[in-house]
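Trainee: return a 3D structure for these sequence lines:
(chains A and B)
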There are 2 protein chains.
Amino acid sequence: MKRRTLMTPGPSPVPSFVREALSQEIIHHRTDEFRQILKEVNERLKEVFCTRNPVVTFASSGTGAMEAAVSNFFSKGDRVVAICGGKFGERWAEIAKSYSLDVIEVKVEWGLSASPQELAKILDDNKPVKGVLTTLCETSTATVFDIEAIGKVTREKGALLVVDAISGLGQEVFHPDKWAVDVVVAGSQKGLMLPPGLAFVSVSSRAQEAIKSSNLPKYYFDLDKALKGSQKNDTPFTPAVALIVGLNRSLEAIKQEGIEARCKKFAKMAKACRLAATALGLEIFSQRPSNSVTAICAPQTIKSSDIVKKLRKEFGLSIAGGQGPVKDKIFRIAHMGWINEQDLIMCFSLLEKALLDLGHKFELGVSLSRLEEVIYG
Amino acid sequence: MKRRTLMTPGPSPVPSFVREALSQEIIHHRTDEFRQILKEVNERLKEVFCTRNPVVTFASSGTGAMEAAVSNFFSKGDRVVAICGGKFGERWAEIAKSYSLDVIEVKVEWGLSASPQELAKILDDNKPVKGVLTTLCETSTATVFDIEAIGKVTREKGALLVVDAISGLGQEVFHPDKWAVDVVVAGSQKGLMLPPGLAFVSVSSRAQEAIKSSNLPKYYFDLDKALKGSQKNDTPFTPAVALIVGLNRSLEAIKQEGIEARCKKFAKMAKACRLAATALGLEIFSQRPSNSVTAICAPQTIKSSDIVKKLRKEFGLSIAGGQGPVKDKIFRIAHMGWINEQDLIMCFSLLEKALLDLGHKFELGVSLSRLEEVIYG
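Mentor: Numbering: from 1, shown residues only, chains lettered A, B, ... in the order given. Here you go, the predicted structure:
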């Protein structure tokens, strides 16, 4: 009878009105009815992506769309820069290597943002670089990168900019068209309030040109086919009908609230989360913290994984631990999608209880007052 | 207020108890709770696949799993045979070509089954052939191939046998282990009574050996990673949680009814369907008709697409038309997954009404009597 609460940075909770849409009877995908849904979805996705570029949808996890963003724009031996400041930056490097690209890995200390100056130098010293692969919100470190500055440098040097916005989309301020971003990748299970299973790619006209000269093999993730299908509100292969019907419902709700308003809301929640953690005597891990998720350093005497386990086991609350080099050092609280301010209050209350049990010293209730000051202030 | 009925060969209808499972609150995938579900799913999939080999699940359409079955077992320039007797056989050839394999396309007239003797000769004349890619039930022609005979020949000649069972799984009698099938590909939206969005690959130990020497690029569909994850009831990338929860429910129901009993039921429905069509003076298109879907030739004076449109527009009943060379010639009625005998009665009643309106001559009700004779006989 334990209530379960999901505050992980993907999957994030799915509202009941979207779950109702998911459970509707299946319709056939080659019908006017489904094409109308896909038309609405395609238009609404552009609004959430803040782009005029077409956005295509795949039945896959976000990683599939990342692969599409490598295999469609480059050719064997092409030089690309992968900015690696966490697990998902490293994934870019892995994917690009698996396609035999010439990958320059720019290592960024976990928790820091990539330096545009350093990137400019790397692009100058390693000509010609065909593409830069980076991340809007690096989920593993809860860090948001300065995509505007990265975009300026990348465009100046003539490379294609590919951004993994899987956990940042609809959460972080993001203007791909103004910021010279060519390709944006996203997934369904974060800011879009859906179960995992859909992934998205937006493609600029420069990127559409690049497709023509790419010689890497692809079939399921062929963007040329997907873009052509999308123009007719169709898909090359059977789409994930139920998830797309759910997506249309969630996009409708997001549009109603407004992207700008949502980004402000999550910025406020993120700020509240940071101040609440600080009030408990804890440090914030990231130097450029995101709106979507906050990484908090555990007290030196406590393993962060013990906090995570305790919250899940005793209170049914799922937050995320650290991965790789920060495995037992940080824990991460998501404030994305359907998670709201009251969830944060509840989460910090349980966090206080867990820390109390684990022997950390602080003034009981202090994080909740701090949250309220920001949220209601 | 029109009632809608889905009798297309994918997507096929999803029962309400599965749709309820789909609409449950999302759980995190890196938890014991989800691993337990994945464990049950992995075991139950083996039963439906009638195999002892591991079966892995991807978030993708069936085509993604077909691509996995090409990119993981072969290397650039490897010679493979693709048996092309319909749209999905042709897809094998397309995928293999996109990975620069040396593809021998064995053309089989649409509606016929592949000849094992011809295959044996081709394998002898074109040594070394590394793999044979074929189809259990070719949905576009409603034809079931003699996989047992194809398996015998392929194993004798030392090639790997890869079978697309997307529309045949759980419907057609199929014993991959006995029949020397190395790799079986399936999808969620046919016999498994789920929405589209999941795809499956079973991998024999011979095929697992072949993975080691493959040099084709892959990342999302990397079977080695997927198999290693599967051993720990885990997935390399975020799984489509909601669909997998639904899958567990549908597999439970399928197990309860029993695979053998279900194959018998669909065989009976397919027979009833063929006799009912014949009673209306119509011809069956396939020379080796499947249990999953029946392709019926339209009367010479009527375009099959007109029958399909009329049924959908006037009565909300979706059946499938013909594709490619048989576009206006055949229509296809599915009897798979959740579709039952009473759906067939309703479908033929509406088909009679449509044919009547379109000017075809027959004795009213004759197809229904024939259905009842087989079903209740």
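Trainee: contacts, neighbours, all on C-alpha from now
Mentor: Noted.
Trainee: the helices in the stretch 51-200 of chain A, which residues?
Mentor: Counting by DSSP state H, counting those that start in this stretch, the stretch 51-200 of chain A has these helices, from start to end: A:62-71, A:87-98, A:116-125, A:147-156.
Trainee: out of the ones you listed, deepest packed?
Mentor: Here the criterion is mean neighbour count by mean count of other CA atoms under 10 Å in any protein chain shown, and of the helices of the stretch 51-200 of chain A the winner is helix A:62-71, at a mean of 26.
Trainee: mind checking how far it is from the chain centre?
Mentor: A distance of 14 Å separates the centroid of the chain from that of helix A:62-71, by CA atoms, centre = their mean, to the nearest Å.
Trainee: ok and that helix relative to helix A:87-98, angle-wise?
Mentor: On the basis of axes from the mean of the first three to the mean of the last three CA atoms, to 10 degrees, helix A:62-71 is oriented at 50 degrees to helix A:87-98.
Trainee: can I get helix A:62-71 in PDB, CA atoms only?
Mentor: Output of helix A:62-71 as PDB, limited to C-alpha atoms (Å, rounded to 0.1, in the frame of the first residue of the first chain):
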ATOM      1  CA  GLY A  62      16.400   8.900 -27.200                       C
ATOM      2  CA  THR A  63      19.700   7.000 -28.000                       C
ATOM      3  CA  GLY A  64      18.100   5.900 -31.300                       C
ATOM      4  CA  ALA A  65      17.600   9.500 -32.300                       C
ATOM      5  CA  MET A  66      21.200  10.300 -31.200                       C
ATOM      6  CA  GLU A  67      22.300   7.600 -33.600                       C
ATOM      7  CA  ALA A  68      20.200   9.100 -36.300                       C
ATOM      8  CA  ALA A  69      21.900  12.400 -35.700                       C
ATOM      9  CA  VAL A  70      25.300  10.800 -36.400                       C
ATOM     10  CA  SER A  71      24.500   8.300 -39.200                       C
END
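Trainee: A:Gly377: which of the helices of the stretch 51-200 of chain A is closest?
Mentor: Closest to A:Gly377 of these is helix A:147-156 (CA to CA; 30.1 Å).
Trainee: with only the CA atoms kept, save the closest one in CSV.
Mentor: Provided in CSV are the C-alpha atoms of helix A:147-156 (Å, rounded to 0.1, in the frame of the first residue of the first chain):
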residue,chain,number,x,y,z
ILE,A,147,24.5,26.4,-26.3
GLU,A,148,24.1,30.0,-27.6
ALA,A,149,27.9,30.5,-27.2
ILE,A,150,28.7,27.1,-28.6
GLY,A,151,26.4,27.7,-31.5
LYS,A,152,28.1,31.0,-32.3
VAL,A,153,31.6,29.4,-32.4
THR,A,154,30.4,26.3,-34.3
ARG,A,155,28.6,28.3,-37.0
GLU,A,156,31.6,30.7,-37.4
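Trainee: now the element after the helix ranked longest in chain A, going C-ward?
Mentor: Taking DSSP state H as the criterion, chain A has its longest helix at helix A:259-279. With elements assigned by DSSP states H and E, the helix or strand that comes after helix A:259-279 is strand A:293-297.
Trainee: so A:Asn352 makes contact with A:Leu364?
Mentor: You called it Asn, but residue A:352 is Glu. Yes: using CA atoms under 8 Å, A:Glu352 is in contact with A:Leu364, at 7.2 Å.
Trainee: show me which of those two is the more surrounded one.
Mentor: Shown here are A:Glu352 and A:Leu364; by other CA atoms under 10 Å in any protein chain shown, A:Glu352 has more neighbours (23 against 13).
Trainee: quick check: the gap between that one and chain B.
Mentor: A:Glu352 sits 23 Å away from chain B, going by CA to the nearest CA, to the nearest Å.
Trainee: before we move on, the earlier item: dump the helices of the stretch 51-200 of chain A into TSV; add distance to A:Asp357 as well.
Mentor: Shown next, in TSV, are the helices of the stretch 51-200 of chain A (distance: least, CA to CA, whole Å):
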stretch	distance to A:Asp357
helix A:62-71	37
helix A:87-98	31
helix A:116-125	44
helix A:147-156	41
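Trainee: returning to what we had before: what's the angle from the longest helix of chain A to strand A:293-297?
Mentor: Using the same axes, to 10 degrees: helix A:259-279 against strand A:293-297 is 10 degrees.
Trainee: what sits up against helix A:259-279?
Mentor: Outside of helix A:259-279, the residues within contact range by CA atoms under 8 Å, 6 or more residues apart in numbering or on different chains are A:48, A:170-173, A:283-284, A:290-294, A:296, A:335-336, A:340-341, A:344, A:348, A:366-368, A:370-372, A:374-375.
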